[in-house]
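*Asks:* quick one: sequence plus predicted model below, questions after.
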Amino acid sequence: MTATVGTGLGKVILLGEHAVVYGHPALAGALALGVRVRVEPAPQPRVVVPAWGLAVDDGAAVAAIAAIAAALGRTGSFAVHADATVPSRAGLGSSAALCVAVARALGAADDAATEAAAQAGEQVFHGNPSGIDVALATRGGLGLFSRGSGFTPLALPSFALVIGLSGEPRDTAARVADVARQRTSRPAETDRLLGELGALAVAGAGAHDATGLGPLLDRAHELLAQLGLTTPTLDRLCALARAAGAHGAKLTGAGGGGAVLALAPGREEAIAAAWRADGFTAFIVDVGAA
Ligand code: MEV
């Protein structure tokens, strides 16, 4: 049998991470970065992603590929080789991009089948993810996602964001579990914070420009901090971005490490330079890619 190929996109959550796990909406966009895979039947499973330093024949990545294959009714084992432009373990949807690319390469018939199969893989990586990452990785664009309604695209042009990597790897399942514990130990306060995060996502979808969106990003970072999801390094990245002229900056994804995004039309290079001068990896990326 010959090899087959597939692609998936990375994503950035502008507003609403964690809230989206509890049914609130989140505002997110696909990145012009992602994963392209080549998949072929093989006697032993294997997953190789040179850009992520990954070359394994067991563990989570192999189990995720097996779960995707099973969801699509495929039998046997597979060798997966991936070219990735999205960084891993940064909250930018790298695992969903991989899962979506593999689901497509294994013959998922359409977007709905791709999302369902990729979500089976994501559950291996992250426990009980909301589905926002696979929705963006599959469909691209920019829009609101909620567990109840799925992905609702917004007809907006793509725009540039600056992404700074904290260098602290993050663990989505562990951070989602932290929030679940807080919902038990202080339910009213936690649900208030999650509700405001979801409301910010709706407000963000209606914002007309960076001047409107920026303060919403700053407020979301404060709320995520109150949920214990920031780190001193993420706070520092946000402070550096604001000092260098960003309209707003926040952690993105699960938190506890990973990435910060900054919105700074016309000042992107200045933000990236400020982060790099402090030793961080930074890049400018188009959001809303299809
Ligand atoms: C991770 O990209 C976003 C979280 O909201 C988890 C999820 O939605 O599955 C933290």
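*Replies:* It's in. Residues are numbered from 1 along each chain as shown.

*Asks:* which bits of the stretch 101-250 of the chain sit near the ligand?
*Replies:* Within reach of the ligand by CB under 6 Å from any ligand atom, the stretch 101-250 of the chain has these residues: 129-130, 132-133, 172, 176. Yep, even glycine has a C-beta here, placed from its N, CA and C like the rest.

*Asks:* centre of the chain versus the biggest strand by length in the chain, how much separation?
*Replies:* Longest strand of the chain, by residue count under DSSP state E: strand 26-42. On the basis of CA atoms, centre = their mean, to the nearest Å, strand 26-42 is displaced by 11 Å from the centre of the chain it belongs to.

*Asks:* is that strand anywhere near the ligand?
*Replies:* No. Contact between strand 26-42 and the ligand is absent, the nearest approach being 6.8 Å (criterion: CB under 6 Å from any ligand atom).

*Asks:* narrow the residues of the stretch 101-250 of the chain next to the ligand to those in strands?
*Replies:* Using DSSP E, none of those sit in strands.

*Asks:* minimum pLDDT in these, which residue is that?
*Replies:* Ranked by pLDDT, those bottom out at residue 172, which scores 91.

*Asks:* wait, isn't that one in contact with residue 255?
*Replies:* No. In this structure, residue 172 is not within contact of residue 255 by CB atoms under 8 Å, at 9.2 Å.

*Asks:* which neighbours do these two have in common?
*Replies:* Overlap of the contact sets of residue 172 and residue 255 (by CB atoms under 8 Å, 6 or more residues apart in numbering) consists of residue 91.

*Asks:* neighbour count winner among these two?
*Replies:* residue 255 (29 against 22; other CB atoms under 10 Å).

*Asks:* and the residue lying closest to that one once chain neighbours are set aside, what is it in contact with?
*Replies:* Among residues not flanking residue 255 along the chain, residue 229 sits closest, at 3.2 Å (CB to CB, 6 or more residues apart in numbering). With contact taken as CB under 8 Å, 6+ apart, residue 229 is in contact with 18, 175, 178-179, 251, 254-256.

*Asks:* same thing but 7 Å
*Replies:* The neighbours of residue 229, taking CB atoms under 7 Å, 6 or more residues apart in numbering as the test, are 175, 251, 255-256.

*Asks:* before we move on, back to that, nearest to residue 53 among the residues of the stretch 101-250 of the chain next to the ligand?
*Replies:* residue 172 (19.0 Å; CB to CB).

*Asks:* restricted to strands, list the contacts of residue 229.
*Replies:* residue 251.

*Asks:* for the ligand, state which of the contacts of residue 229 is nearest.
*Replies:* residue 175 (6.3 Å; CB to the nearest ligand atom).

*Asks:* so for the closest residue to that closest one other than its chain neighbours, what's the pLDDT?
*Replies:* Nearest residue to residue 175, sequence neighbours excluded (CB to CB, 6+ apart): residue 254, at 4.1 Å. Listed pLDDT for residue 254 reads 95.

*Asks:* residue 254 and residue 94: what is the separation?
*Replies:* Going from residue 254 to residue 94 by CB to CB, to the nearest Å gives 12 Å.

*Asks:* show me the shaky parts of this structure.
*Replies:* Within the chain, the segments meeting pLDDT under 70 span 1.

*Asks:* give the buried residues for stretch 81-100.
*Replies:* 81-82, 84-100 (16 or more other CB atoms under 10 Å).

*Asks:* what's the answer for stretch 140-159, then?
*Replies:* 140-146, 151, 158.

*Asks:* a markdown table for the residues you listed, including distance to residue 167 and secondary structure?
*Replies:* Output for the buried residues of stretch 140-159, formatted as a markdown table (distance: CB to CB, whole Å; DSSP: H, G, I helix; E, B strand; the rest coil):
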| residue | distance to residue 167 | secondary structure |
| --- | --- | --- |
| 140 | 28 | coil |
| 141 | 30 | coil |
| 142 | 27 | strand |
| 143 | 30 | strand |
| 144 | 31 | strand |
| 145 | 28 | strand |
| 146 | 32 | strand |
| 151 | 31 | strand |
| 158 | 27 | coil |
